[in-house]
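Enquirer: Mind folding the following:
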Amino acid sequence: MKTILSAGLILLFTCSGLRLKAVQPLQEPAGNGLRALIDSARKEKSDSLRLEINSVFFDKLTAGLRESPASDKMFDSLGIGIITSPDAKITLVNWNLQQNNGTNIYFLIIRNNITNRVIPMKPMPALQEISEDSIFRDGNWPGGLYYRIICRKELTGSFYTLLGWDGFSRTTSRKTIDALSFDQDGFPVFGASIFRTKDGLKNRVVSEYASQASFTQSYDRQKVTLSNVRKSQRKINDDIIVLDRLVPMNESLTGQRWAYVPAGNIYDGYIIFDRFWTFVEDIAPRNPAPTGKEKKPRKPVSYDLFPPQ
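Expert: Predicted structure coming up:
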């Protein structure tokens, strides 16, 4: 028997006369092909070739998301971030490629799970500065890896709150609290003045710190008591954003973000108050006890709401 390979088909000839049989090669699952591409990009030593391979991956993944829901198991093995909002309306598909100089380029695809619209964002190198006052639109975004989508209807306007991380450089990393909304044409807008901070209303919150430090930025249910507000508003039992307090390693390094580390057991936070994410200083986070293991009531701690009302 003689086997001839041609044009992707296997042609079989036998001694009993000419008999053709076309056998299609086995189709590789789409997810396997995508995984091979992203693995190849990450292993490539050349920055330029790494980006070329990733570009192919980006296009194929965008096409795949248009054909299948982002929850499809074919995307589970890709080793990239896939998070869906609590209301199940949007999914963020997000990853990075580290360059030879230690900096990152970030990639993001947003899928509207209601309309099945897929929006590929522009590749975004780590910005030299992530402004707390800027608004990003037209395919631009701050860059980073998003690890939590928060959906709170009490906020002013229709916004998702995003928690993100950016490995900015070899010396500093950044974590952000951002706002995501969509314009009248359905395109993403990053940033909104829903963050009431020490310095007034901001479009996002950025914490920059020493890259070797472990900085907490989480979203958990906490019980707190506020001061300098009406009595009816003092008791808070809600999900809040908890942050480590960042301080310089010594006073002479004030302002040099590579020298900022968590103070240790000192935390600040953002709570939903008066339809804004509002900064609260010096809190003592308390997670609720597991069901069936209720702890004895403790005297509530009083915190200052910033800015004063």
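Enquirer: going forward, measure contacts and count neighbours with C-alpha atoms only.
Expert: OK.
Enquirer: Flag the shaky bits of the protein, pLDDT-wise.
Expert: Scanning the chain for pLDDT under 70 picks out 1-31, 286-309.
Enquirer: ok, longest helix in it?
Expert: Longest helix in the chain, counting residues (DSSP state H): helix 47-67.
Enquirer: what about that one, distance to the chain center?
Expert: With CA atoms, centre = their mean, to the nearest Å as the basis, helix 47-67 stands 19 Å off its chain's centre.
Enquirer: and if you look at stretch 215-233?
Expert: That offset, for stretch 215-233, works out to 24 Å (CA atoms, centre = their mean).
Enquirer: show me where the protein has helices.
Expert: Secondary structure of the chain (DSSP H): helices located at 30-43, 47-67.
Enquirer: out of those helices, which comes closest to Glu154?
Expert: Checking these against Glu154 by CA to CA gives helix 47-67 as the closest, at 31.0 Å.
Enquirer: list the helices and strands the closest one packs on?
Expert: With contacts taken as 3 or more CA pairs under 8 Å, 6 or more residues apart in numbering; DSSP states H and E, helix 47-67 sits against helix 30-43, strand 117-120.
Enquirer: can you tell which of those is closest to Asp239?
Expert: strand 117-120 (29.8 Å).
Enquirer: Same question for the closest one: list its buried residues.
Expert: Neighbour counts over strand 117-120 (16 or more other CA atoms under 10 Å) mark 118-120 as buried.
Enquirer: Would you give the sheet partners of it, along with the direction of each?
Expert: Strands that pair with strand 117-120, judged by DSSP bridges, come out as strand 104-112 (antiparallel).
Enquirer: Just the C-alpha atoms of the partner strand, please, in PDB.
Expert: Taking Å, rounded to 0.1, in the frame of the first residue of the first chain, the C-alpha atoms of strand 104-112 are listed here in PDB:
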ATOM      1  CA  ASN A 104       4.600  45.200  30.800                       C
ATOM      2  CA  ILE A 105       2.200  45.600  27.900                       C
ATOM      3  CA  TYR A 106      -1.400  45.000  28.800                       C
ATOM      4  CA  PHE A 107      -4.200  43.600  26.600                       C
ATOM      5  CA  LEU A 108      -7.900  43.800  27.200                       C
ATOM      6  CA  ILE A 109     -11.100  42.500  25.400                       C
ATOM      7  CA  ILE A 110     -14.500  43.500  26.800                       C
ATOM      8  CA  ARG A 111     -17.500  41.300  26.000                       C
ATOM      9  CA  ASN A 112     -21.100  42.500  26.400                       C
END
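Enquirer: Could you quantify the relative orientation of that strand and helix 47-67 as an angle?
Expert: For strand 104-112 against helix 47-67, the angle by axes from the mean of the first three to the mean of the last three CA atoms, to 10 degrees is 10 degrees.
Enquirer: Need the contact partners of strand 104-112.
Expert: Outside strand 104-112, the residues within contact range by CA atoms under 8 Å, 6 or more residues apart in numbering are 62, 65, 70, 89-99, 117-126, 143-145, 167-169.
Enquirer: Of these, grab the buried ones for PyMOL.
Expert: The buried subset of the contacts of strand 104-112, as determined by 16+ other CA under 10 Å, is captured in PyMOL by this line:
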select buried, resi 62+65+70+90+91+92+93+94+95+96+97+99+118+119+120+121+123+124+125+126+143+144+145+167+168+169
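Enquirer: Sort out for me which of the contacts of strand 104-112 are in strands.
Expert: 90-98, 117-120, 124-125, 145 (DSSP state E).
Enquirer: could the helices of the chain go into TSV alongside distance to Asp244?
Expert: Listed next are these as TSV, based on distance: least, CA to CA, whole Å:
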stretch	distance to Asp244
helix 30-43	32
helix 47-67	35
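Enquirer: farthest pair in the ones in strands among the contacts of strand 104-112?
Expert: That would be Gln98 and Arg117, which, of those, are the farthest apart (CA to CA) at 28.6 Å.
Enquirer: How many neighbouring residues does the closest residue to Arg137 other than its chain neighbours have?
Expert: Excluding the flanking residues, the one nearest Arg137 by CA to CA, 6 or more residues apart in numbering is Val189, at 4.9 Å. Residues lying near Val189 (other CA atoms under 10 Å) number 19.
Enquirer: For the helices and strands packed on helix 47-67, give me CSV that also has distance to Ile105.
Expert: What follows is the helices and strands packed on helix 47-67, written out as CSV (distance: least, CA to CA, whole Å):
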stretch, distance to Ile105
helix 30-43, 12
strand 117-120, 15
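Enquirer: looking at those, which is closest to Asn203?
Expert: Comparing the helices and strands packed on helix 47-67 by CA to CA, strand 117-120 comes nearest, at 22.2 Å.
Enquirer: Can I get the closest one in PDB, CA atoms only?
Expert: Taking C-alpha atoms only, strand 117-120 is exported to PDB below (Å, rounded to 0.1, in the frame of the first residue of the first chain):
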ATOM      1  CA  ARG A 117     -20.700  42.600  21.300                       C
ATOM      2  CA  VAL A 118     -17.000  42.100  21.600                       C
ATOM      3  CA  ILE A 119     -14.800  45.200  22.000                       C
ATOM      4  CA  PRO A 120     -11.000  44.800  21.700                       C
END
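Enquirer: Cheers, nothing more for now.
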